[in-house]
Structures are given as C-alpha cells and as structure tokens.
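[1] Quick check, what structure comes out for this input:
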Amino acid sequence: MDIQRLSRALECLLFVATEPITMKTLVEVLREEEHCLRFALQALEERLSASGLQLVEVAGGYQLCTRPEFAEVIARYLQPQPTKLSRAALETVAIIAYRQPITLPEVEAIRGVQSDGVVRTLLQRGLIQEVGRKQAAGRPVLYGTTPQFLHYFGLNSLEELPELEELNPAEGNQPEKSGQPTLQI
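    Okay, the predicted model is just below:
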C-alpha cells in the first residue's frame, strides 16, 4: 500500500477508535511493517496540520484529538443538555422542595393524583432522594431534594426558592376542581 493510502487508512482507524491504538495493533490490523506505518503517521500528521484535528502519541499509542485552541467550543457542545420535566414532575418536585421531608402519600394528597411514577422518575434523575422514614404506621419513606435539584434549577440553597403564594385557608392543601394543586411557585 502506498504511503498516502496507508495514511488515509490510519486516519479512518484512528477516527473510529475510542482509545489510543498501539503500534503493535496498527501493524496487525493494517498488515504493514512498522517503518511504513511511521512514514504514514508522519504524512497524516502533516495533512492534519491545517485542520482542527491533530495526531497525538499518548498512552503508548496514537489517537486523533481536537486541537487545544478549540477546547472551549468542544466543551460547550459536549455539555449535557438539561432535559425538560413534565408538568406532573414539576408539580411533584415543587411540593417536595417546599414541604420536605415529605412522604409519597402526603405528595399524593396535595396533588390529588397518584404520584409514584413521577417520584420514581425524579429519583432516577437524581432530583430527589430518600432522606429517612417517618415515625408513623408503616414507616413510609421521606423524600427531599438533592444538590442536583439545586443545580438543575440554578439555586445555591433552598432558601432561594421563591415564596409560595398564600393558600386560601378554606381550601387547605386540597386540589382545585381543575385537578391542579393550589401550590403556586
């Protein structure tokens, strides 16, 4: 295989590799002698000199990497995008945030609907956690918010939560006729 073609084959291998590829592996996969591969790696490095990628020798092998001057752009792209919460999840996490520690039956009494699936989702997303058990019959689990909750909503502490609108004392914590809770954030 000529050096330019070998260089392009190396580029393909390094592009799909998730870890640095050792010279031994390159020799085995490409079925070429080491000295030919070194020439091809040099040709690849020269070709990449005008691109946003670079060939690096790291951890006993070779790898394609982005150039350091583009690190900020790459970091912005790779930053996890926050996923939106459903209305039910927002209602539930608000109730937990304001009333914590709180049990699932207490959440359901405020929302007026079953909430075990929503609570499970909030647990999976790391926005709430089990914080203990209530000293009552059946010892139900108590839930509270997590540091991830604060991060998700851009808060430093729970003290930064907005004030609740006052509840009408005649309504208490019962849902309105529309099925929506009376809690307002």
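
[2] Looks to me like L150 is in a helix.
    Yes: counting by DSSP: H, G, I helix; E, B strand; the rest coil, L150 is part of a helix.

[3] So it sits against N156, correct?
    Yes: counting by C-beta atoms under 8 Å, L150 touches N156, with 6.8 Å between them. C-beta here means a position set from N, CA and C on the backbone, and glycine is covered the same way.

[4] When the two are compared, which one has more neighbours?
    Set L150 next to N156 and count neighbours by other C-beta atoms under 10 Å: L150 wins out with 17 against 8.

[5] who's in contact with that one?
    Going by C-beta atoms under 8 Å, 6 or more residues apart in numbering, L150 touches 156-158.

[6] Just send those back as a markdown table, with secondary structure and distance to E91 too.
    A markdown table is the format used below for those (DSSP: H, G, I helix; E, B strand; the rest coil; distance: C-beta to C-beta, whole Å):
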| residue | secondary structure | distance to E91 |
| --- | --- | --- |
| N156 | coil | 23 |
| S157 | coil | 22 |
| L158 | helix | 17 |
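
[7] Compile those into JSON lines and extend it with columns for pLDDT and distance to G132.
    As requested, the contacts of L150 are exported to JSON lines (pLDDT from 0 to 100; distance: C-beta to C-beta, whole Å):
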{"residue": "N156", "pLDDT": "88", "distance to G132": "24"}
{"residue": "S157", "pLDDT": "89", "distance to G132": "20"}
{"residue": "L158", "pLDDT": "91", "distance to G132": "17"}
